[in-house]
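Engineer: Make a model of this:
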Amino acid sequence: MRPQKTITALTVVAALCAAGCSTRGDTPGRGDSEPGEKAAATAGAVATSGDFADLKNVCGPGDPSGSPAQGVTGKEIHVGVMSDVGFSKNTEFGDAAKAFTSWCNEAGGINGRKIVPTVRDTKMVEVRQRVDEACRADFALVGGGAGLDGLGVKDRLSCLLPDFPAQTVQHQNEGSELQLSVQAGGPSYFRYAGFYDWLIKEAYPDSADAVGIISGDSPVTRTSLDQRMEYFKARHAKPTYTDLYPTSGVTNWTPYAQAIKDKKVKGLVFMGDFTSLAKLEQELTAMNYKLDWIDANSNAYGPSFLELAGPQVLAAQNNLADVSGIYPMEKASSNPATQQVLDVFDRYAHGAQVTLPAVKAFSAWLLFAKSATACGDKLTRRCVHDAARKETAWTGGGIQAPVNVSVQDSPVKCMNIEKATPDGWQPADFAPNRGAYRCGIASYKFTGDYGEPGTLASVGKSLADLK
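Structural biologist: As a prediction, this is how the structure comes out:
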């Protein structure tokens, strides 16, 4: 692949992956939102007991000895954090690692062992190199992610390295073995089926025969486009407009806006960076064309999109985002677990942006720490893997909807939807039936071939080899 094509393709991956390759503010409301102010005011009160919300003794003291596994000594546990930071310049996974491990270590660590995180900077294209480094030094991978995460799956499985990711992106990695994911859904299922069913069947049924999809032009995003087209066809909806835009950038969004208007699109799925979305919506609003809904995707869930779009656009266009079952951050004062995340960040990573991927990373760290603590002094990869697999209703202490970690491949069970308004992000009127979430939602299993997750068998190993 020639350099220019590589860069443009990677730009779209960076924009689309929920790894947060775009700039976000501290909380998803306006930058001076009340939850953020409260976090700053109460930062000094962050407990160091090792309890997190309703999770007791996640971290704590002990008198460990010996080196029962690679990366584990009598005093430390070395873990890797995958990140595209060298390409995206987004430090959110490193920030989450700093915040969590500082809090945990102050509480005593994992049974007395301090957690030592190392950010493995993939620079987007060096995934295999970073996985190989982790294979030689780390006990596990925790709280990270990479846009091209599928590149390192075989290497990770070959060295039997457990992974507690903040998120997964490519099909080769999503649901792969030795992966303990806090992300709802599996590779065989369309993660946003419940969201789209709500949009075209319940909230805006007239839009079902007037859906538009616009995406950055790269092989990765074309797969996502194909998956959405399969879903809409199965639901007997009729996309009337699909288009690709050059990932190197668009200087004039007017032709795209005009095409959307000419095709009388009522619901728009936008797969790309929120800066481009804001510009497109400004053109649509200037034409006085208002859609029933726009799927802005979770990348837009933050104050930066609100600022770029502006109050006039936010009042005119109905921007919605499925935020993956993470409790609304702008409502942190109503949820002790979310508020504690903000407080921990404020104390141990002051000034860091608390993004949606950062909260997912924090949940992954909690899963790792709770599982490792359960192993006691004899901390091994097999033990931490098996302990995590026992979590059948993981909520990270209350920061997300329940996820069954014991199942590698299952549909999303709960969702929550956010709406962008001139006053900030707010929960949409989607009829939640379980606190902040709507559970028992629709699912859709793919029939197309989009690749398979990596297995131990594919590298000549089995779970029996994990020690």
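Engineer: low-confidence ranges in the chain?
Structural biologist: By pLDDT under 70, the weakly predicted segments of the chain are 1-48, 219-220.
Engineer: any idea where the strands of it begin and end?
Structural biologist: Listed in chain order, the strands of the chain (DSSP state E) span 76-83, 114-121, 140-142, 163-164, 211-216, 239-245, 267-271, 293-295, 319-322, 414-415, 417-421, 424-427, 438-439.
Engineer: With mean neighbour count and distance to Lys370 as extra columns, can I get the ones you listed in a markdown table?
Structural biologist: C-betas here are computed from N, CA, C, even on glycine. Formatted as a markdown table, the strands of the chain follow (neighbours: other Cβ atoms under 10 Å; distance: least, Cβ to Cβ, whole Å):
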| stretch | mean neighbour count | distance to Lys370 |
| --- | --- | --- |
| strand 76-83 | 25 | 14 |
| strand 114-121 | 20 | 13 |
| strand 140-142 | 28 | 12 |
| strand 163-164 | 28 | 11 |
| strand 211-216 | 24 | 38 |
| strand 239-245 | 17 | 43 |
| strand 267-271 | 25 | 35 |
| strand 293-295 | 23 | 34 |
| strand 319-322 | 26 | 27 |
| strand 414-415 | 24 | 21 |
| strand 417-421 | 22 | 28 |
| strand 424-427 | 20 | 28 |
| strand 438-439 | 19 | 23 |
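Engineer: Just put the ones you listed in CSV and tack on distance to His350.
Structural biologist: Shown next, in CSV, are the strands of the chain (distance: least, Cβ to Cβ, whole Å):
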stretch, distance to His350
strand 76-83, 19
strand 114-121, 18
strand 140-142, 22
strand 163-164, 25
strand 211-216, 35
strand 239-245, 38
strand 267-271, 34
strand 293-295, 34
strand 319-322, 27
strand 414-415, 32
strand 417-421, 26
strand 424-427, 22
strand 438-439, 35
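Engineer: Out of those strands, which gets nearest to Pro205?
Structural biologist: Nearest of the strands of the chain to Pro205, taken as Cβ to Cβ: strand 267-271 at 10.3 Å.
Engineer: Go through stretch 307-325 and flag the buried ones.
Structural biologist: Using 16 or more other Cβ atoms under 10 Å as the test for burial, stretch 307-325 gives 308-309, 313-314, 316-325.
Engineer: Tell me which of those fall in helices.
Structural biologist: Cross-referencing the buried residues of stretch 307-325 against helices under DSSP state H gives Leu308, Ala309, Val313, Leu314, Ala316.
Engineer: Which segments of this structure make up each domain?
Structural biologist: As given by automatic domain parsing, the domain ranges for the chain are 42-187+336-400, 193-323+413-439.
Engineer: Quick one: closest of those domains to Gly451.
Structural biologist: domain 42-187+336-400 (3.7 Å).
Engineer: that older thread, and which of the ones in helices among the buried residues of stretch 307-325 is nearest to Thr455?
Structural biologist: Once Cβ to Cβ is applied, the member of those that ends up nearest Thr455 is Leu308, at 42.1 Å.
Engineer: Tally up the residues packed near the nearest residue to the closest one once chain neighbours are set aside, please.
Structural biologist: Nearest non-adjacent residue to Leu308, counting by Cβ to Cβ, 6 or more residues apart in numbering: Ala278, 3.9 Å away. The tally of other residues near Ala278 (other Cβ atoms under 10 Å) stands at 23.
Engineer: Let me see the contact set for Ala278.
Structural biologist: Phe305, Leu308, Ala309, Gly310, Val313 (Cβ atoms under 8 Å, 6 or more residues apart in numbering).
Engineer: Hmm, the second one is touching Thr275, no?
Structural biologist: Right, Leu308. Yes - using Cβ atoms under 8 Å, Leu308 is in contact with Thr275, at 6.0 Å.
Engineer: Considering the ones in helices among the buried residues of stretch 307-325, which is situated nearest to Ser334?
Structural biologist: Closest to Ser334, out of all of those and judged by Cβ to Cβ, is Leu314, at 23.2 Å.
Engineer: list the contacts for that closest one?
Structural biologist: Here Leu314 is in contact with Leu306, Ala420, Thr421, Pro422 (criterion: Cβ under 8 Å, 6+ apart).
Engineer: now, which of the buried residues of stretch 307-325 sits nearest Gln179?
Structural biologist: Nearest to Gln179 among these, with distances taken as Cβ to Cβ, is Ser324, at 16.6 Å.
Engineer: Right, I'll call it a day here.
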